[in-house]
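Undergrad: no sequence on this one, just coordinates:
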């Protein structure tokens with residue numbers, strides 16, 4: 001049996017029109033999809049994209065297609081689906097690495113990214129380092145220095161939006177309007193990593209979140225910004241193609257219970273009734 005694990009993402013640190021196309025930097029957090037690949041017949045309830053990845057890998061290495069029927073994929077994940085937490089990327093990326101190991105191969109990150117985008121738009125959680133990534137065709141893969149340490153209070157909404165549906169929304173005008181802000185945001189992400197500065201990372205994410213309001217607005221967003229300022233948090237990041245929001249903080253420095261109390265007092269929990277305190281972690285798929 002081969003086992004691999006890929007983290008979820010709390011939306012994106014930044015996403016928008018950067019250097020001539022839409023790109024993103026995901027925000028990997030310590031919530032994982034674990035995939036086991038073994039010899040056996042496919043499970044009846046398997047996820048279609050994971051099977052598609054198995055078939056893509058067989059084609060990639062010139063195996064006969066019928067071998068797919070002797071490969072079993074078991075996914076263990078509680079990552080919320082269709083909320084902007086990269087659940088699908090986590091599933092298919094971990095499936096790819098576990099399947100490769102099962103077949104006696106290895107995948108480098110760039111090849112993994114290419115395989116994933118051949119199935120659907122992909123989050124940059126497939127890379128160990130924070131990476132500016134063209135999530136549609138993998139043509140841009142620019143890694144950052146080591147990321148600063150920070151936590152996220154992830155605000156989960158009951159609202160769902162599948163990535164494919166988001167990409168059908170007319171967005172070009174909004175993307176181009178936000179380009180100057182995203183240029184600054186990308187510069188700040190690089191500075192944050194070079195300086196190990198979580199406040200700079202928060203500034204970058206907040207700039208991108210504000211620009212995203214033109215494309216997929218979050219409810220009571222101004223109230224969230226006020227809460228960030230009142231509590232001296234690093235910033236706010238959002239799922240640009242989903243409903244989750246992340247309050248960027250340090251659980252040792254900031255009073256998380258007070259932040260939660262303010263969310264309830266300001267009735268923001270009506271939009272985001274579930275909260276999860278998570279660490280931002282390194283991305284990349286790890287073999288077990």
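TA: Nice, thanks for sending it over. Bear in mind the structure is a predicted one, so any value in this text is a computation, not a measurement. Residues are numbered from 1 along each chain as shown.
Undergrad: how long is stretch 131-151 from one end to the other?
TA: The stretch stretch 131-151 measures 19 Å between its terminal residues, going by CA to CA, to the nearest Å.
Undergrad: for stretch 250-269, same thing?
TA: Stretch 250-269: ends 21 Å apart by CA to CA.
Undergrad: so which bits of it are buried?
TA: 254, 256, 259-260, 262-263, 268 (16 or more other CB atoms under 10 Å). Using the backbone N, CA and C atoms, a C-beta is placed for each residue, glycine as well.
Undergrad: which stretches in the chain count as helices?
TA: With DSSP state H as the criterion, the chain has helices at 48-60, 87-103, 109-117, 163-166, 172-177, 179-195, 198-212, 221-231, 256-265.
Undergrad: tell me the one of the buried residues of stretch 250-269 nearest residue 103?
TA: Residue 103 has its nearest neighbour among the buried residues of stretch 250-269 in residue 256, at 44.0 Å by CB to CB.
Undergrad: one step back: hey, which of the helices of the chain is tucked in deepest?
TA: helix 87-103 (a mean of 26; mean count of other CB atoms under 10 Å).
Undergrad: now for it, which elements pack on it?
TA: The helices and strands touching helix 87-103, judged by 3 or more CB pairs under 8 Å, 6 or more residues apart in numbering; DSSP states H and E, are strand 2-18, strand 21-39, helix 48-60, strand 71-77, helix 109-117, strand 286-287.
Undergrad: wait, isn't residue 205 in contact with residue 239?
TA: No - Residue 205 lies out of contact with residue 239 (CB atoms under 8 Å); the separation is 11.5 Å.
Undergrad: contacting residues for residue 263?
TA: 155, 227, 269, 272, 275 (CB atoms under 8 Å, 6 or more residues apart in numbering).
Undergrad: could you rerun that using 6 Å?
TA: Contact analysis of residue 263 by CB atoms under 6 Å, 6 or more residues apart in numbering lists residue 269.
Undergrad: return the distance of it relative to residue 286.
TA: Distance from residue 263 to residue 286, counting by CB to CB, to the nearest Å: 33 Å.
Undergrad: per-residue pLDDT, residue 169?
TA: Residue 169 is assigned a pLDDT of 80 by the prediction.
Undergrad: how far away is it from residue 128?
TA: For residue 169 relative to residue 128 (CB to CB), the value is 31 Å.
Undergrad: just residue 192 next, same as before
TA: In this view, residue 192 and residue 128 are 17 Å apart by CB to CB.
Undergrad: check residue 177 too.
TA: For residue 177, the distance to residue 128 equals 33 Å [CB to CB].
Undergrad: next: residue 23.
TA: 18 Å.
Undergrad: the more surrounded of those two?
TA: residue 23 (25 against 14; other CB atoms under 10 Å).
Undergrad: wait, that one sits on residue 131?
TA: No - taking contacts as CB atoms under 6 Å, residue 23 lies outside contact range of residue 131: 9.7 Å.
Undergrad: quick one: closest of the helices and strands packed on helix 87-103 to residue 243.
TA: Across the helices and strands packed on helix 87-103, closest to residue 243 is strand 2-18 (CB to CB), at 9.1 Å.
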